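*Asks:* For reference, the sequence and a predicted model appear below.
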Amino acid sequence: MSKSLFQQVRANKIKSVFIMFFFFILISMLGLLIGLVYGNVYLGAFLAMFAAAIYLLISYFTGDNMILTMTGAQEAKKSQYPHLVHTVEGLAIAAGIPTPKIYIIDDSALNAFATGRNPKHAAVTVTTGLLQKLNREELEGVIAHEVSHIKNYDIKFMLICVICVGIIVLLSDFLLRSFLWGRRDNNRGNAQIIFIVIGLVLAILAPLIGELIHLAVSRRREYLADANGAVLTRYPQGLAHALRKISQDPDPLVDRANRATAHLFISTPFRKTKSRITSLFSTHPPIEERIKRLEEM
């Protein structure tokens, strides 16, 4: 079993790297176009780097506390939740990371998430509904999944994705404004006209492409955390059974969840809809597929 698990982890890491490569290519193209519009390619690169630095600094140092506050999470006391605390501590030791802080959301929905900027500054949060409905092995599987997100630096990885989407939206808007209200030149040649058309199309489509890539990365990291969680517990069925219970939850809506935090949860915190279009805009892969992969390990 171990060999197949590690092969799954390696395959997911390689695919994620390729996705991020296309992300940065898209940002570079927008930066280059802006630079060319203003007659200086270095200008586009500077704007991209400046925006990235601002987004990164704000999100890196305040993002985790903002998320915990937004979701109404309260720190879990060992005296009140001894089994949860012991489970997190044990899996953190197994993963070779510091024990993350532990939080509780008072919500009947079955869900959990991890946040933080690195393993030394991380937190695992679960809902009260999850604690009430899952048995020991199932809860261990969910916590192992979240601990794997922390060990793999998935939170930082997804932060980079969010920053990239923000940069793409910013640069696309700036590029569109430059075309619409920039200096007019009635003597443009065919090559310039083609360049303008390509630039306009890219400026309009880039934010959508960026968001689709971000969501694809989010779905890929969920598969990776599932595989890593199974490595930690050596019992894939525990997480598989937990995901099945989560998928059958009659009220999956986490009351204080929003679009900005949805990708963090182990399962989408919104009511589920099924179609090919909505699957493209989903933060999570189909839960049935995740269960199937776990059961085949």
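*Replies:* Here it is on my side, so go on. Since the structure is predicted, the reported quantities are computational estimates derived from the model, not experimental observations.

*Asks:* and residue 241, how many residues sit next to it?
*Replies:* 19 (other C-beta atoms under 10 Å). The way it works is simple: take the backbone N, C-alpha and C, and place the C-beta from them, glycine included.

*Asks:* who's in contact with it?
*Replies:* Counting by C-beta atoms under 8 Å, 6 or more residues apart in numbering, residue 241 touches 137-138, 141.

*Asks:* can you pull the buried residues of stretch 220-231?
*Replies:* For stretch 220-231, the neighbour count (16 or more other C-beta atoms under 10 Å) marks 220-231 as buried.

*Asks:* One more: stretch 243-257?
*Replies:* So for stretch 243-257, counting by 16+ other C-beta under 10 Å, buried means 243-244, 246-247, 249, 252, 254, 257.

*Asks:* From the rest of the structure, what touches it?
*Replies:* 70-72, 105, 107-111, 127, 129-130, 133-134, 138, 265-272, 287-288, 290-291, 294.

*Asks:* quick one on the thing from earlier: let's have the buried residues of stretch 220-231 in a markdown table, adding secondary structure and pLDDT.
*Replies:* Below are those laid out as a markdown table (DSSP: H, G, I helix; E, B strand; the rest coil; pLDDT from 0 to 100):
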| residue | secondary structure | pLDDT |
| --- | --- | --- |
| 220 | helix | 74 |
| 221 | helix | 80 |
| 222 | helix | 86 |
| 223 | helix | 86 |
| 224 | helix | 83 |
| 225 | helix | 88 |
| 226 | helix | 90 |
| 227 | helix | 88 |
| 228 | helix | 88 |
| 229 | helix | 90 |
| 230 | helix | 89 |
| 231 | helix | 87 |
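
*Asks:* Extract the residue ranges of the stretch 51-200 of the chain that are flagged as low pLDDT.
*Replies:* Applying pLDDT under 70 to the stretch 51-200 of the chain flags the ranges 51-52, 55-56, 59, 159-163, 166, 178-200.
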